[in-house]
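Chemist: Build me a model from this:
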Amino acid sequence: MSKKESPDISISEQSEVFSLAVDGMGGDGAPDVVVAGLAIAADRHPGMRVLLTGDEAKLRPLLAKHPKAESICTIWHTDEAVPMDMKPTAALRVRKSSMRLGMDAVASGRARGVVSAGNSGAMLALAKIVVKTMPGISRPAMAAISPTIKGDVVMLDLGANVACDWRNLVEFAVMGEAFAKAVLGLPAPRIGLLNIGSEELKGDEKLRIASEVLRESPLASQFHGFIEGHDITAGTTDVVVTDGFTGNVALKTGKGC
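Modeler: The predicted structure follows:
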């Protein structure tokens, strides 16, 4: 059965380390679809433990309808949430939102990760301020795992950073490589820089500089070089690096296919 927490209990007082913190109030269909999704997750991964943040009065009846979800969840109550149309700067001021509590749980070591289907801009802002980035990384990025004919590929950025310079692209390569190692279990992920051609002289200045830097970096042996759009689904590399504008267009083009 799920454990019931008092709203004023700090997560730092709990001894259990959760597999994930989940924003129960994040997304257009929340909290109903969130709990329904947790029921599926519980069926596939019965050993996982979830810290479910949100309004207990709304979450408790839904969990009662999904016993499998209830069996893996602990509710951390808050009646505050981040609306989908809230600006990221405003979301930072809502210190007890369901999204913020999930971030706090990760930052304090009480959860290994946080999931939210809510306001992506707010989530990125909170991630940078509360959870922090990897050493040497200035901006978080949005990434996704997509299927290819050879396996899965990690692609980033997908919209968090529309305007990028070469430094950002190099940082995305570092993050993508770490993500592919941790999530896909690849010992030495191959990295590709998305461009309009594979030749070294193709693309704008930021792409060419990023390529030069990566060839001289600790990731040099894993850097494939420039790749084109068709290489994404061909599985030419394990990580595809691009700016947020191009990545978002590629992502939504793939959705329409």
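
Chemist: Now do the buried residues in stretch 98-113.
Modeler: Of the residues in stretch 98-113, 98-107, 110-111 count as buried by neighbour count, 16 or more other CB atoms under 10 Å. Placement of C-beta: from N, CA and C, glycine included.

Chemist: So which of those residues are in helices?
Modeler: 98-107 (DSSP state H).

Chemist: Could you tell me whether residue 40 really is in a strand?
Modeler: No. Assessed with DSSP: H, G, I helix; E, B strand; the rest coil, residue 40 is helix; it does not lie in a strand.

Chemist: and it, how far is that from residue 72?
Modeler: 11 Å (CB to CB, to the nearest Å).

Chemist: okay, now the residue nearest to residue 159 when sequence neighbours are not counted: neighbour count?
Modeler: With sequence-adjacent residues excluded and distances taken as CB to CB, 6 or more residues apart in numbering, residue 159 is closest to residue 248, at 3.9 Å. Residue 248 has 17 neighbours, counted by other CB atoms under 10 Å.

Chemist: Show the pLDDT at residue 248.
Modeler: Residue 248 is assigned 95 on the pLDDT scale.

Chemist: Please give the element, helix or strand, for it.
Modeler: Using DSSP states H and E, residue 248 falls within helix 244-256.

Chemist: Check which helices and strands that helix sits against.
Modeler: strand 151-156, strand 191-194, helix 229-234 (3 or more CB pairs under 8 Å, 6 or more residues apart in numbering; DSSP states H and E).

Chemist: buried stuff in that helix?
Modeler: By neighbour count with 16+ other CB under 10 Å, helix 244-256 contains the buried residues 244, 246-248, 250-251.

Chemist: Would you map the strands across this structure?
Modeler: 3-4, 20-23, 50-54, 73-77, 114-115, 143-148, 151-156, 191-194, 223-227, 239-241 (DSSP state E).

Chemist: Same list, those, but as CSV with distance to residue 124 please.
Modeler: Formatted as CSV, the strands of the chain follow (distance: least, CB to CB, whole Å):
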stretch, distance to residue 124
strand 3-4, 30
strand 20-23, 14
strand 50-54, 18
strand 73-77, 22
strand 114-115, 12
strand 143-148, 12
strand 151-156, 12
strand 191-194, 21
strand 223-227, 26
strand 239-241, 18
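
Chemist: With mean neighbour count and mean pLDDT added, can I get the ones you listed in CSV?
Modeler: Below are the strands of the chain laid out as CSV (neighbours: other CB atoms under 10 Å; pLDDT from 0 to 100):
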stretch, mean neighbour count, mean pLDDT
strand 3-4, 10, 41
strand 20-23, 26, 98
strand 50-54, 29, 98
strand 73-77, 24, 98
strand 114-115, 22, 97
strand 143-148, 15, 95
strand 151-156, 21, 97
strand 191-194, 24, 98
strand 223-227, 20, 98
strand 239-241, 30, 99
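
Chemist: which stretch among the ones you listed comes nearest residue 214?
Modeler: strand 223-227 (4.6 Å; CB to CB).

Chemist: And for that closest one, what's in contact with it?
Modeler: 173, 190-195, 197-200, 202-203, 207, 211, 214-215, 217, 236-237, 240 (CB atoms under 8 Å, 6 or more residues apart in numbering).

Chemist: out of these, which are buried?
Modeler: Looks like the contacts of strand 223-227 have 173, 190-195, 203, 207, 211, 214, 236-237, 240 buried, using 16+ other CB under 10 Å.
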